[in-house]
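Student: sequence? don't have it. structure:
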């Protein structure tokens, strides 16, 4: 909603990855804002956004920083590059979030009983498999970090079954060609050079402390939240949408009254249906 408010300001160019174009806000989407005349541009990397800022010195270019520990380092690097080059018309709206706090929140809620967790391969490439040791240590839940090929998933499931049968929960790295114990230390260094950990709101989970990445005061001149004063209407959910429940694992996509009826990949009502990685989009394509 904040991004949509920015999109309607004069002399503002919104740059974003493609998936965000169709994510519905409370009242509209970036795709609709673009159709109404807002300057919204799809980019493939922060380098594209920086190039747009260089080419349009009279405009304010805002990049939507969305994603987990995988995308945050590249966004942080773009801020460092903008500072080094003296690009003063480049801003980032950071909506980056950290995955372990959300996992803890789901386990602490008691709504879902997890027998095991398949750890995310790309995230764990950055943060390292040791970041998941709280699962067996604090919750007695085994974790197997997996890649994305079918054999990777099968390997992780086999490891989880083995640990459950043996009653020996641990973290197993089943993605050794990419993941290490400590992760990508250079990426972490860049990420925490620019960002600091703070509270963040999560769909379905509410506000979680120490779960988001906020731009540090040192880089305030690049922070869209600090540099733009916009009025944002109170957020609202689409009536009937159960995306929050689906994200928490307490409902499956067919449990949502909108699924396959009014909510489809061409007309998503919630973010679960937007990306091919979303639970509803995947279930729509392969679930039945």
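Tutor: Looks like it arrived, so ask away. Only a predicted model underlies this, so the values are computations on that prediction, with no experimental measurement involved.
Student: Only C-alpha atoms from now on, for both contacts and neighbour counts.
Tutor: Fine.
Student: residue ranges for the helices of the chain, please.
Tutor: 2-7, 30-35, 46-55, 72-85, 99-109, 121-127, 134-139, 150-166, 185-194, 224-227, 243-248, 279-286 (DSSP state H).
Student: is it possible to export the ones you listed to a markdown table including mean neighbour count and distance to residue 273?
Tutor: As requested, the helices of the chain are arranged in a markdown table below (neighbours: other Cα atoms under 10 Å; distance: least, Cα to Cα, whole Å):
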| stretch | mean neighbour count | distance to residue 273 |
| --- | --- | --- |
| helix 2-7 | 20 | 19 |
| helix 30-35 | 17 | 15 |
| helix 46-55 | 19 | 25 |
| helix 72-85 | 19 | 23 |
| helix 99-109 | 15 | 20 |
| helix 121-127 | 23 | 21 |
| helix 134-139 | 15 | 29 |
| helix 150-166 | 16 | 22 |
| helix 185-194 | 17 | 29 |
| helix 224-227 | 16 | 27 |
| helix 243-248 | 20 | 9 |
| helix 279-286 | 18 | 4 |
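Student: got those as JSON lines, with mean pLDDT columns?
Tutor: Below are the helices of the chain laid out as JSON lines (pLDDT from 0 to 100):
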{"stretch": "helix 2-7", "mean pLDDT": "94"}
{"stretch": "helix 30-35", "mean pLDDT": "93"}
{"stretch": "helix 46-55", "mean pLDDT": "98"}
{"stretch": "helix 72-85", "mean pLDDT": "98"}
{"stretch": "helix 99-109", "mean pLDDT": "96"}
{"stretch": "helix 121-127", "mean pLDDT": "98"}
{"stretch": "helix 134-139", "mean pLDDT": "98"}
{"stretch": "helix 150-166", "mean pLDDT": "98"}
{"stretch": "helix 185-194", "mean pLDDT": "98"}
{"stretch": "helix 224-227", "mean pLDDT": "97"}
{"stretch": "helix 243-248", "mean pLDDT": "94"}
{"stretch": "helix 279-286", "mean pLDDT": "95"}
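Student: Any idea which of those helices gets closest to residue 204?
Tutor: Among the helices of the chain, the nearest to residue 204 by Cα to Cα is helix 243-248 (3.7 Å).
Student: what comes into contact with that closest one?
Tutor: The contact list for helix 243-248, computed with Cα atoms under 8 Å, 6 or more residues apart in numbering, reads 106, 112, 203, 204, 205, 251, 252, 253, 270, 271, 272, 279.
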